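Visitor: below is the sequence, then the predicted model.
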Amino acid sequence: MRIAIVHYHLGPGGVAEVIRATWRSPDEACRQVILVGKASTDGESLPLRVVDGLGYGDEVSLAAAESLLERMRRAAEEALGGPPEIWHFHNHSLGKNPALTRAAAMLAASGERVLFHLHDLAEDGRPTLYQKVRRVSERFPVTPRVRYAFLNPRDRDLFLHAGLPAENALLLPNPITARPMVPSTPSRTPLILAPIRGIRRKNLGELVLLSVLSPVATRFAISRAPRDPADRRIHDRWKLFAREFARRIEFEVADRLAPDEGETSDFNAWLRHATHIAGTSVAEGFGLPFLESAAWRKPFIGRRLAHLEHELPHARLYDRLLIPADWIARSVLTDHLRVTLERNHRAWLKPLPQSHIDATLDHMWGDGWLDFGNLPEALQQGVIERCSDAEERKIPLVETAGIRESAAAWLDRVVVETVSDEAFTLPESSSPDHCRKRLTEVYRNLLAVPSGDLRFIDPEHVLAPFLRAQAFHFLLSAPEPQGRRPDRFRAVIFDVYGTLLIAPPGAVRPDPAADARLRPIIARFGHTPPPSPTTALAAAVARHHQSARIPHPEVDLRALWREVLDLPPDHDTTALVIATEDARLPTRPMPGAEHAISQLAAAGVPLGLLSNAQCNTLHSLGGIGDLIDTDLAVLSYRFGVAKPSPELFGILTERLAALGIAPGQCLFIGNDPLMDIAPASAAGYLTALFTGHPDSRRPGESKPDFVIRDWSELRALASSETRGE
């Protein structure tokens, strides 16, 4: 067998350690090459090939994917003496390199044998990565020659429900390579080590609280700080907080502090001196520390993760760490929740209904106790300050299998509890030899599979379970925007046609060519089409305009189609309008608009629409529509009045006022001097005229505050301190 193993890097830890542990020395039966974008090869004899463009990156174009795939094929063939028979990708869909995601899907689509090894999911609390990989809609291909390997049953079942056939899915646990530290010299008093990089999802606040609730002589230590700047900021805030309120916990101890006098400061020294291993993580793909602690013969203390089905007789775990709900005002938690959910849904490009906020809050509030781990850091710190009082320290509870007891009493017991030698026995299934044999079996089975039909799992079906109210977690949410926020404007409102969408003129008029497209659509909906649907629709528009008693009247195409087709007043024609308008006036996205607008959304800028539009407009906008605040979407068909009527701008002004935003703090962007810029300026808005496409330009004179010639200018404009043209 010729196997190409593909990952972004072969640095220390994580997926790279799994690759090292499961690699088999080349022999006649199995030859392997490991393709990476970056490698630290000191002291390694692995068959590595560094491929340009295979590391972390943002490129997503088809050309970039094709070029990367060609380089991967060439490197693999040179190393193996022939083309790979099996491609083994680690975390291809995580969003670290969308070009690789696309290249991997192209291999599968071409009939190659592929194993997608999913250690982590972008959909699971990684919105920044998801924003990049979402542009590759074909990232989950399915053919008879594709297998998906999962670390836990939850992820496997999630993909099965999303449409992955059971025969394409398998569980492939990570190998445990840790060995007991010899000699082991644990401290005389409890020293509880969290062998982690202190990223947000590791739930640093809970480790701090456990240190406050533990017996007086207990010490806690966190081994390393995170590398990512956003995670580092959160880590450092906790480190500073602990200096005042939790002096028994130390941060980033490895290679900085010694665990005892006369000792070295390296990680192994801390591991030797530790009496226990701790973990409070709120999300893990596999939960390696749970099993590594058994290999190290150290009892494990901390939070259980229900989706991990490890047998852990050496562990003392709780399901939830509870505080009384009345310690936090419901209105305060609601405010935190609303802001976080709004930021999350902008990042996931999804609308946020009020019902989802209510359902999430109800789920969190439960029976009057809140899980400390699912609180934002600011509220966690308030709880910890409160627990510095001796009496309040007795109130938090741990809950295990529905049974609750004082967290302080639980800690008093477990830090001195003796664990038998038998409890540290690791299952045979976690050994590197067993994992290598399992992989070889998977490879051989793939070799025997013939080619077959190709389809793709809908990525929305993978994301959906993580957006349920029950799945919400503050520590798995989109981080607060950092750095300079583009706050030149407190909100940005867009026209649609000619600005965000390239579209033909929208007036309804008799059109024989369009009639030929509309008649079968109307028939498909079960209605009898008139001989000329466009003529009938144009006549209905004329009648409504003539009978209107206001300037600039607008029609609702849903009502007009009911009239033209003689349908009951309560008949829903929304789907019919979407289908007929797509056929009559096909649109396409304005180049660069979605990317530019996504940047503003990710930075927390409220976004809205004010446009002459119909019920199909948001559908036509695709991903952009998901970024829009529904309260700020002022679409003409909903109000019976069209631009340039000042009434629409008056409605928008009222809705912005509810957010505390004045027209002079808001930028309106449109492409028509007379229909967009002039009425927006008259209503007090700052304005920008978009001139970035030949079909955008409209006649008329106006004096916009800015001119946008390309959507790439929007971010800089929003951060500018000076007025434009």
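Guide: Arrived safely, thanks for sending.
Visitor: what's stretch 502-517 in contact with?
Guide: For stretch 502-517, the external contacting residues (CB atoms under 8 Å, 6 or more residues apart in numbering) are 497, 531-535, 537-538, 541, 583-590, 612, 693, 695-696. (C-beta placed from N, C-alpha, C; glycine too.)
Visitor: at 6 Å instead, please
Guide: Residues outside stretch 502-517 that contact it (CB atoms under 6 Å, 6 or more residues apart in numbering) are 497, 532-535, 537-538, 541, 583-585, 587-588, 590, 695.
Visitor: pull out the buried members of these.
Guide: Using 16 or more other CB atoms under 10 Å as the burial test, the contacts of stretch 502-517 include 497, 532-535, 537-538, 541, 584-585, 587, 590 as buried.
Visitor: of the residues you listed, closest to residue 480?
Guide: Residue 480 lies nearest to residue 590 out of these, by CB to CB, at 29.6 Å.
Visitor: residues contacting the closest one?
Guide: Contacts here follow CB under 6 Å, 6+ apart; on that basis residue 590 touches 500, 502.
Visitor: hmm, back to that, quick check, nearest of the contacts of stretch 502-517 to residue 621?
Guide: Distance to residue 621 across those (CB to CB) is lowest for residue 587, with 8.8 Å.
Visitor: what about that closest one, distance to residue 715?
Guide: 24 Å (CB to CB, to the nearest Å).
Visitor: that older thread, show me the buried ones among the contacts of stretch 502-517 that map onto helices.
Guide: Among these, the members falling in helices are 533-535, 537-538, 541, 584 (criterion: DSSP state H).
Visitor: is it possible to get TSV of these that adds distance to residue 256?
Guide: Shown next, in TSV, are these (distance: CB to CB, whole Å):
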residue	distance to residue 256
533	74
534	74
535	79
537	73
538	76
541	73
584	67
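Visitor: all strands of the stretch 351-500 of the chain, in order?
Guide: Assigned strands in the stretch 351-500 of the chain, in chain order: 369-371, 397-400, 403-406, 455-456, 491-494 (criterion: DSSP state E, counting those that start in this stretch).
Visitor: pick the most buried one from those strands.
Guide: Among the strands of the stretch 351-500 of the chain, ranked by average contacts under mean count of other CB atoms under 10 Å, first place goes to strand 491-494 (a mean of 25).
Visitor: direction included, what does that strand pair against?
Guide: strand 607-611 (parallel), strand 666-670 (parallel) (DSSP bridges).
Visitor: avg pLDDT for that strand?
Guide: What strand 491-494 shows for mean pLDDT is 95.
Visitor: and the next element down the chain from that strand?
Guide: With elements assigned by DSSP states H and E, the helix or strand that comes after strand 491-494 is strand 501-502.
Visitor: how far does that following strand sit from its chain's centre?
Guide: 28 Å (CA atoms, centre = their mean, to the nearest Å).
Visitor: do the same with stretch 311-326
Guide: For stretch 311-326, the distance to the chain centre is 27 Å (CA atoms, centre = their mean).
Visitor: got the end-to-end distance for it?
Guide: The first residue of stretch 311-326 is 36 Å away from its last residue (CA to CA, to the nearest Å).
Visitor: quick one: contacts of it?
Guide: 290, 294, 299-301, 304, 365, 368-372, 383, 396-400, 414, 419, 423-424.
Visitor: please redo it, this time with the cut-off set to 8 Å
Guide: With contact meaning CB under 8 Å, 6+ apart, stretch 311-326 is reached by 206, 209, 290-291, 293-294, 298-304, 306, 365-366, 368-373, 383, 395-401, 404, 407, 410, 414, 417, 419, 422-424, 427.
Visitor: and for stretch 404-413?
Guide: Here stretch 404-413 has contacts from 210, 213-215, 218, 301, 318, 321-322, 393-398, using CB under 8 Å, 6+ apart.
Visitor: flag every buried residue along it.
Guide: 407-408, 410-411.
Visitor: next: stretch 627-642.
Guide: Of all the residues in stretch 627-642, those buried under the rule 16+ other CB under 10 Å are 627-629, 632-637, 640-642.
Visitor: mean confidence score for it?
Guide: Averaging pLDDT along stretch 627-642 yields 90.
Visitor: hmm, back to that, if any of the contacts of stretch 311-326 are buried, put those into a PyMOL selection.
Guide: Remark: buried members of the contacts of stretch 311-326, expressed as a PyMOL selection using 16+ other CB under 10 Å:
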select buried, resi 206+209+290+291+293+294+298+299+300+301+302+303+304+369+370+371+372+373+383+395+396+397+398+399+407+410+414+419+424
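Visitor: end-to-end on stretch 400-418?
Guide: Where stretch 400-418 begins and where it ends lie 19 Å apart, using CA to CA.
Visitor: pLDDT of that stretch, averaged?
Guide: For stretch 400-418, the mean per-residue pLDDT is 95.
Visitor: returning to that earlier point: looking at the buried ones among the contacts of stretch 502-517, which is nearest residue 159?
Guide: Taking those together and measuring to residue 159 by CB to CB, the closest member is residue 587, at 33.5 Å.
Visitor: show me the contacts for that closest one.
Guide: If you count contacts by CB under 8 Å, 6+ apart, residue 587 has them with 497, 501-503, 620.
Visitor: how does it look with 7 Å?
Guide: When contacts are counted by CB atoms under 7 Å, 6 or more residues apart in numbering, residue 587 touches 501-503, 620.
Visitor: ok, now residue 564?
Guide: Going by CB under 7 Å, 6+ apart, residue 564 touches 530, 536-537, 540.
Visitor: can you do 6 Å?
Guide: Per CB under 6 Å, 6+ apart, neighbours of residue 564: 536-537, 540.
Visitor: now do the helices in the stretch 151-300 of the chain.
Guide: Here the stretch 151-300 of the chain has its helices, by DSSP state H, counting those that start in this stretch, at 153-162, 204-213, 229-245, 267-273, 288-295.
Visitor: which of the ones you listed sits closest to residue 519?
Guide: With CB to CB, the closest approach to residue 519 among the helices of the stretch 151-300 of the chain belongs to helix 153-162: 36.9 Å.
Visitor: got the buried residues for that closest one?
Guide: Here helix 153-162 shows 154-156, 158-160, 162 as buried, counting by 16+ other CB under 10 Å.
Visitor: check stretch 313-326 too.
Guide: Neighbour-count burial for stretch 313-326 flags 314-323, 325 (criterion: 16+ other CB under 10 Å).
Visitor: picking up where we left off before, deepest in the core, which of the strands paired with strand 491-494 is it.
Guide: Scoring these by mean neighbour count under mean count of other CB under 10 Å gives strand 666-670 as the most buried, with a mean of 27.
Visitor: can you tell me the SS state at residue 599?
Guide: Three-state call for residue 599 (DSSP: H, G, I helix; E, B strand; the rest coil): helix.
Visitor: grab the nearest non-local neighbour of it.
Guide: Nearest residue to residue 599, sequence neighbours excluded (CB to CB, 6 or more residues apart in numbering): residue 715, at 5.2 Å.
Visitor: these two touch, right, the one you found and residue 600?
Guide: No - contact criterion CB atoms under 6 Å: residue 715 and residue 600 do not qualify, at 7.1 Å.
Visitor: who has more neighbours, those two?
Guide: residue 600 (21 against 16; other CB atoms under 10 Å).
Visitor: for that one, give its distance to residue 707.
Guide: 18 Å.
Visitor: for residue 116, which three-state class applies?
Guide: What three-state DSSP gives for residue 116 is strand.
Visitor: what bridges to it?
Guide: Under the criterion DSSP bridges, residue 116 forms beta bridges with residue 89, residue 148.
Visitor: what about the strands in the stretch 601-725 of the chain?
Guide: Under DSSP E, counting those that start in this stretch, the stretch 601-725 of the chain gives strands at 607-611, 633-635, 666-670, 686-690, 706-708.
Visitor: now render these as JSON lines, adding distance to residue 278.
Guide: As requested, those are exported to JSON lines (distance: least, CB to CB, whole Å):
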{"stretch": "strand 607-611", "distance to residue 278": "42"}
{"stretch": "strand 633-635", "distance to residue 278": "48"}
{"stretch": "strand 666-670", "distance to residue 278": "49"}
{"stretch": "strand 686-690", "distance to residue 278": "53"}
{"stretch": "strand 706-708", "distance to residue 278": "53"}
